[in-house]
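# Sequence first, predicted coordinates after that:
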Amino acid sequence: MNIVLIGLSSSGKSTLFTSFTGNAGSAGSGKAQVGIVMVPDRRLDELSELYHPKKTTFTSVNFRDTLTLDIQAKHERIALFDSIRTADALAFVVGGFRCATAQEVCAEVKKLRFELIIEDLDFVTKRIERIERELKSSQNGAMKKKELELLARLQGILEKEGFVYGTDFNREEQALLAPCNLPTLKPSCYVVNVAEGSKPEETESLLGKVRSLLEGMGDHSPVLAVNALLESEIAEMTPLDMAAFLKEFGIEEQGRHKVIRTAYELMRLITFFTVGEDECRSWQIRQGDTALDAAAAIHSDLARGFIRAEVIEYDTLLKLGSLQEAKKAGKLRLEGKTYTVQDGEIVHIMFNV
Ligand SMILES: Nc1nc2c(ncn2[C@@H]2O[C@H](COP(=O)(O)OP(=O)(O)O)[C@@H](O)[C@H]2O)c(=O)[nH]1
Ligand SMILES: [Mg+2]
């Protein structure tokens, strides 16, 4: 999964990116920077303590730092939107720490949204013009007319300063939309970079104001707060110091975990595990994915030669101590290709190629 950080100049994107990934941000380089972050999971830690495998592998997400949204140079704007289009989810970084009032924060949120809306509106309008030209010269235009209707609908939404995300589309429309890669059709969250020393109740009140602004525009995206400077201090600490520090500052969760968890919920991702003496590992699939999808996530051979899956909840396995014991206790279930995998299950694929 690709999470792209976007925001105005000096909102704290690169500071957050560096604290999340340990890599230098895109400042000055003119190019988006990518960093990989493993997705922490206490359940995998526990499974690993049980198995003592040679290797423990956490599933990961990619973060991407971008140029600022308010840049003017045309080639930079093209590069910026190219990286936005690669996103599975967008994180709008809002520079709350340098705003005097909640109104200023809300104004920044509106400006960010506006930049994406005009980008999509420009794309949709140009595409409408092109299809209209093509329709004049082509006899067989049924499909084009459908696309035109769809684009007119999008244009209507965007002209009212709405995001396309959250609109219902049928399968055919989804197929037409997929190659357009519209930024306002991407799942997004708002990360307000609050000042160090902000009181929790002030932060909650600020987030509430941003939420109601967005709700008023029909946008139900999650809104969360981080402090980029604190995050960069935390990133340098040993786990023990970090725990003490988080407690002292009343921070419940490290910012990058918050953002990853939110993106997981937005993308409807769930985690399943594979275990063994060689490796214990977590994997990402979507809610509703089947045992066959889980097999494919591991390796295409496993999907091709799929026979059955042995499935057990991670806490049952921890209680019973091993897959053998689970089998004896009748807790290891045999499931077929169409079984819907649940979050937190251990899935052992039996296959034959
Ligand atoms: N006081 C304060 N300064 C910040 C915070 N986040 C970023 N900055 C500062 O703002 C400047 C720009 O930050 P940067 O992350 O490069 O912003 P970007 O343009 O969005 O990538 C840097 O000097 C940061 O140290 C914050 O939470 N608090
Ligand atoms: Mg930057």
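Great, that's in hand. Residues are numbered from 1 along each chain as shown. Ligands and ions are numbered 1, 2, ... in the order given.

# Enumerate the residues of the chain near ligand 1.
7, 9-15, 25, 27, 68, 97, 193, 195-196, 227-229 (CB under 6 Å from any ligand atom). Backbone N, C-alpha and C define where each C-beta goes, glycine included.

# Narrow those residues to those that are buried.
If you count burial by 16 or more other CB atoms under 10 Å, the buried members of these come out as 7, 11-15, 25, 68, 97, 193, 227-229.

# Just the residues of the chain next to ligand 1: which are in strands?
Assigned to strands by DSSP state E, the following of the residues of the chain next to ligand 1 qualify: G7, N193.

# from the residues of the chain next to ligand 1, which ones fall inside helices?
Cross-referencing the residues of the chain next to ligand 1 with the helices (criterion: DSSP state H) gives K13, S14, T15, A228, L229 as the overlap.

# quick one: the second one and D65 touch, right?
The one in question is S14. Yes - counting by CB atoms under 8 Å, a contact exists between S14 and D65, whose distance comes to 5.5 Å.

# What about the residue lying closest to D65 once chain neighbours are set aside, how many residues nearby?
Beyond its immediate neighbours in the sequence, the residue positioned closest to D65 (CB to CB, 6 or more residues apart in numbering) is F17, lying 3.8 Å away. The local packing count at F17 equals 29, with neighbours defined by other CB atoms under 10 Å.

# let's number from 47 now, not from 1
Sounds good: first residue 47 from here, last item F63.

# The one helix or strand E175 maps to - contacts with which helices or strands?
Taking DSSP states H and E as the criterion, the element that holds E175 is helix 148-183. With contacts taken as 3 or more CB pairs under 8 Å, 6 or more residues apart in numbering; DSSP states H and E, helix 148-183 sits against strand 135-140, helix 188-205, helix 246-262.

# now these in a markdown table, with mean neighbour count?
What follows is the helices and strands packed on helix 148-183, written out as a markdown table (neighbours: other CB atoms under 10 Å):
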| stretch | mean neighbour count |
| --- | --- |
| strand 135-140 | 26 |
| helix 188-205 | 15 |
| helix 246-262 | 15 |
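
# Let's have these in CSV, adding mean pLDDT and distance to R123.
Rendered in CSV, the data for these read as follows (pLDDT from 0 to 100; distance: least, CB to CB, whole Å):
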stretch, mean pLDDT, distance to R123
strand 135-140, 97, 16
helix 188-205, 93, 18
helix 246-262, 95, 24
